[in-house]
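Student: fold the following and give me the result.
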Amino acid sequence: MKKTLNVFVGIALIAVLASFSPFGGEGFTLHVNNKLLAENYFTSKSTTPRVSLGALADNDQISIAYNECGKIGSDRTLTLKDESGKALKEWKFSDSPKVAAPMNIMAKEILSFKKTDQKTFTLIYTSKAVPNRLLATLSLGSEAQASSKN
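Tutor: Residues are numbered from 1 along each chain as shown. This is a model prediction of the structure:
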């Protein structure tokens, strides 16, 4: 009886601790010059983060680290799309054995689209295992930078 109770308590404890952690799930972080701007874990309750890039300089570095259930994906691609869903720019990244291999983009590559009438874009992640994942809505306007954690 005592052994059964210990097993039950152990399972309950693991379930409670796991409910507070995104361990094992899909998620990403977005940094600019090593400063965290957005972090999101994909759950049924998660929302797409909105990130303002309006205050960036051309030489700033944007880094996105995508976690596919504790693994780095293969055949990774980031795509910048306009409001109508048209692909404006695509970046391909080589496969990496590193656990936290970030995908780096120079800010000037995105800021070049600031000259258009559109000020809002979407950033899409694709890999061999993840077909098309909306990461964030990027704004090139001047509103404050926001961080999201779900």
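
Student: hmm, Asn59 and Met106 touching each other?
Tutor: Yes: the pair Met106 / Asn59 is scored as a contact, 7.1 Å apart, by CB atoms under 8 Å. C-beta here means a position set from N, CA and C on the backbone, and glycine is covered the same way.

Student: which of those two has more neighbours?
Tutor: A count of neighbours by other CB atoms under 10 Å puts Met106 above the other of Met106 and Asn59, at 13 against 9.

Student: quick check: closest non-adjacent residue to the more buried one.
Tutor: Closest residue to Met106 apart from its sequence neighbours, by CB to CB, 6 or more residues apart in numbering: Gln61 at 6.3 Å.

Student: and Arg50, by the same measure?
Tutor: With CB to CB, 6+ apart as the criterion, Arg50 has its nearest non-adjacent residue at 4.7 Å, and that residue is Thr137.

Student: so the one you found lies in a strand, does it not?
Tutor: Yes: assessed with DSSP: H, G, I helix; E, B strand; the rest coil, Thr137 lies in a strand.

Student: distance check, it against Ala38.
Tutor: Separation of Thr137 from Ala38 (CB to CB, to the nearest Å): 10 Å.
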